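# One predicted model, sequence on top.
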Amino acid sequence: MKRYEFFDHTADIGIHIFGRSMLELFENAGFALFDIITDIAAVREQEMRWFALQRDSIDELLVEWLGRLLFISTTELFLFRRFHVVQIDGENLQAEAWGEPLQDALHTIKTEVKAVTYHNLKVYQEQGLWHATVVLDT
Amino acid sequence: MSEKFSLATERIDAYRLRIPRQGKMQTDGIVYTDESMLPNIQEEQSLLQVANVACLPGIVGNSLAMPDIHWGYGFPIGGVAAFDMDRGVVSPGGVGYDINCGVRLIKTALTKSDIQSRLHELVDALFYNIPSGVGSKRKDMKLSSRDQKNVFIKGARWAIEQGFGYAEDAEHIEEQGAIPGADPDVISDYALERGRPQLGTLGSGNHFVEIDFVDEIYDAGIAEALGLYKDSITVTIHSGSRGLGYQVCDDFIKIMLKASQKYGIELPDKQLCCAPIKSEEGRRYLAAMACAANYAFANRQMMMHWVRESFEKVLGARPGALQMKLVYDVCHNIAKIETHSVGGRQQQLCVHRKGATRAFPAHHPQVPDDYKETGQPVLIPGDMGRYSYVLVGTDQALEETFGSSCHGAGRVMSRHQAIKAAKGRSITREMEDRGIYVRAAGRGTLVEEIPEAYKDVSQVVEVVQNAGIGKKVVKLRPLGVMKG
C-alpha cells in the first residue's frame, strides 16, 4: 500500500493519504508532510516530541496534527522522520514523533510548506481503507 | 465543496465571462478572461471557487476574478470580493496565509550596459545580503518583543526609523507602509514565535529578488513620470509576512470555523470560514491581519535597503549615488476597508484581494501626490524567464472591480507537474542561455519555478488592458534572479 500520492492542485500541493487504520492514516500524513519538505531518508531519529491535540472534528484534527508538526519544524528548525500515533479518541489525539534538528550539511529542504489548509479537506473510510485529502499551501 | 454544482457560464464580451447567480449564490460572478485562456481555467475548480465566494453573506457587487485566476484554497487566486460593513463578512481565507504578500519596484540611474559585466557579482551580493530559503537570517538582526510590536503598528516606518531606507520611501508604499488598526495584543504567542526570527528574510517558493531592464515602453509620458526609461535597470522584490502571516491566518481560521457556526453562516468550503466584519472575531482578525501586513511592509523595506547596499558595494558607489528610489510597493493578498461608489452612493466596504492588486486611477485620494496625474503603479511580475509589467490603475477598474487588477502570471502547472517537466534539465543553464543569471537557495525551487509552469503574463496583461482595468506602461525583462 502506498502511504500517499499527489493529486494535482495548480498553485499548491494536494495529497491523498492512505492508512489501514485511522492511526496509520495520521502517521502516513506526517510522513507525507516531511517527505515533501525534505529528503526524509536522511533524517535520523534522535529526539522525540510528544503531542496531545484536540479539535472539533476528525478532519480538523488532521490539520491540527500536521499544523503542529509544521510549527515545531519551522520555529525549532527541526525535521521529523517517524510518527507513532498512540491514540485517537473521538477528536483527541496523542502521538509521538522522532527526528532531529535541521543541519545544512546533512539535510536538504525540497519545499517550504507555509500552511496546511482546510480546502477540499476530507477524512473517510472506503473499502476497508482510510483516506484523507489535504491541500498544503507552498 | 459541492461537486454536484454544475456551473452555467455566459460570455459578456471578449474579455468578460459571467457566472450567473445560481444555487446559493447571492450575486453573479464575473471572470476577466478571453477564450484562449478559458480552457486552462475550466480544467480546475477556480470557477466554482468564484461561485462559492458569491454565496457569502453581505457581498456587494459581483464576485470577481482577475485574468490570472487559478485554483486556490477557498477563494480563487485572482479573486476580488467586497462586503458590506454591516451585513458582510471578513474571511482569512479571502486574504490567504501570506498576508500582504506583495511586490516592490525600485528604479535606478543605471542602464543595462552599466551592469552587464557585473551581473554575477550583483546577484551574488544580493544572495549574500538578503537571507533566503528555510531557516536563514541575518546574524546582525535580533528582534525584541517590543521591537516586534512596533513593527506591527508602524510597518515600513519602523524599518525606516531603524535606518533601513529614507523617509520618502514610505510615500510610495500602499497605505504609506502601515495599515491602520493593528493591535499587537491579538497576535498569538505561536505567531510571535514564528515571526520573530524571520523579519528581513525573503522566504522561498515563488518569492524572489530580480534585476530587470526596461525593455519596452507603451506610454512614454507615464513611464517618464514613474522614472522608467528604455534600458534602465530596476529591481523587483516579491515577498510577504513570512511565518507570522501564515500563523495569523492559521490561528484565525480556527476561530472563524467556530464563528461561522455561531453566526449561522453556511460554508460551501471550510476554507471560506468567516465572521461578520463588526463582530468580535471579525474585528480581531482585521487587527491581527493589519499587524501581519505591516510586518510585510517592514520586511520588504529592509530587503530594499540591502538591495541598495549590495548595488553600492559592488559598483563602488556612495550611498544614494545610484538614485535607487522606490517606484511603488503593492499588496496582493489583503483585505482593506475602502470607500467605493455603489449604485451612485459612496459606501464603506471590506475589499478582499486574494492574488489581486489595488489599481486606483489618477486623482484618487489614496494615490500619492507624485502619481496624481498617472494613477497608482500596478506591479505585475511574470515568470523568471520571460518578462514582467508595470501598469497603472484606471477609472474603469475603480468602477468595475473596486479598483483592482491582476497580480501576476498565475500557474498552469502544479509544482508536481513542473518537477516532472524539469527532470534531467539544467534550469540554471537554460536560463543562462536566455541571458539570465539565476541563483536559488532551495534545491527544489528552480524546477518548480520553470517558466512554462506559468501562464504567459503578457496574455494576462493583454486581457487587463483590453478590459480597461489597467493600463500598460512598460515591460521589464530579467537579467539576474535570486530565488528563495
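Arrived safely.

# what's the spacing between the residue of the stretch 51-200 of chain B found nearest chain A and residue B:97?
Residue of the stretch 51-200 of chain B nearest chain A, by Cβ to the nearest Cβ: residue B:73 (3.2 Å). Quick note: C-beta positions are derived from backbone N, CA and C, even for glycine. According to Cβ to Cβ, to the nearest Å, residue B:73 and residue B:97 sit 9 Å apart.

# Residues that sit against both of the two, list them.
Here residue B:73 and residue B:97 share the contacting residues A:117, A:137, scored by Cβ atoms under 8 Å, 6 or more residues apart in numbering or on different chains.

# Phi and psi next, for the nearest residue to the residue of the stretch 51-200 of chain B closest to chain A once chain neighbours are set aside.
Among residues not flanking residue B:73 along the chain, residue A:119 sits closest, at 3.2 Å (Cβ to Cβ, 6 or more residues apart in numbering or on different chains). Per-residue torsions, residue A:119: phi -70, psi 130 (degrees, to the nearest 10).

# Next up, the contacts around residue A:119.
A:135, B:1, B:72, B:73, B:74, B:93, B:269, B:270, B:271.

# same deal with residue A:110?
Contacts of residue A:110 (Cβ under 8 Å, 6+ apart): A:36, A:37, A:38, A:39, B:442, B:443, B:444.

# Tabulate those residues (CSV), appending pLDDT, neighbour count and distance to residue B:365.
Listed next are those as CSV, based on pLDDT from 0 to 100; neighbours: other Cβ atoms under 10 Å in any protein chain shown; distance: Cβ to Cβ, whole Å:
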residue, pLDDT, neighbour count, distance to residue B:365
A:36, 94, 21, 46
A:37, 94, 27, 45
A:38, 94, 23, 49
A:39, 94, 15, 53
B:442, 74, 21, 42
B:443, 69, 13, 47
B:444, 77, 22, 44
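
# Secondary structure for these - can I get that in a markdown table?
Compiled in a markdown table, those are given as follows (DSSP: H, G, I helix; E, B strand; the rest coil):
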| residue | secondary structure |
| --- | --- |
| A:36 | helix |
| A:37 | helix |
| A:38 | strand |
| A:39 | coil |
| B:442 | coil |
| B:443 | coil |
| B:444 | coil |
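
# ok, those vs residue B:7, which is closest?
residue A:36 (31.2 Å; Cβ to Cβ).

# which SS state does residue B:458 fall under?
Residue B:458 - assigned by three-state DSSP - is helix.

# Go ahead and confirm it touches residue B:387.
Yes: look at residue B:458 against residue B:387 with Cβ atoms under 8 Å: they come within range, at 6.9 Å.

# Look up phi and psi at residue B:63.
phi -80, psi 120.

# quick check: mean pLDDT across stretch B:460-472?
Mean per-residue pLDDT for stretch B:460-472: 98.

# which one of residue B:458 and residue B:387 has more residues nearby?
residue B:387 (21 against 15; other Cβ atoms under 10 Å in any protein chain shown).

# and the more buried one, what is it in contact with?
B:215, B:457, B:458, B:475, B:476, B:477, B:478.

# For PyMOL, write the selection for the buried entries among the residues you listed.
Listed next is the PyMOL selection for buried residues among the contacts of residue B:387, using 16 or more other Cβ atoms under 10 Å in any protein chain shown:
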select buried, chain B and resi 457+475+476+477+478
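
# restrict the contacts of residue B:387 to those near chain A?
Subset of the contacts of residue B:387 in contact with chain A: empty, counting by Cβ under 8 Å from any Cβ of the partner chain.

# May I see the contacts of residue B:387 arranged in JSON lines, with distance to residue A:71 and secondary structure as well?
Formatted as JSON lines, the contacts of residue B:387 follow (distance: Cβ to Cβ, whole Å; DSSP: H, G, I helix; E, B strand; the rest coil):
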{"residue": "B:215", "distance to residue A:71": "43", "secondary structure": "strand"}
{"residue": "B:457", "distance to residue A:71": "34", "secondary structure": "helix"}
{"residue": "B:458", "distance to residue A:71": "40", "secondary structure": "helix"}
{"residue": "B:475", "distance to residue A:71": "41", "secondary structure": "strand"}
{"residue": "B:476", "distance to residue A:71": "37", "secondary structure": "strand"}
{"residue": "B:477", "distance to residue A:71": "40", "secondary structure": "strand"}
{"residue": "B:478", "distance to residue A:71": "35", "secondary structure": "strand"}
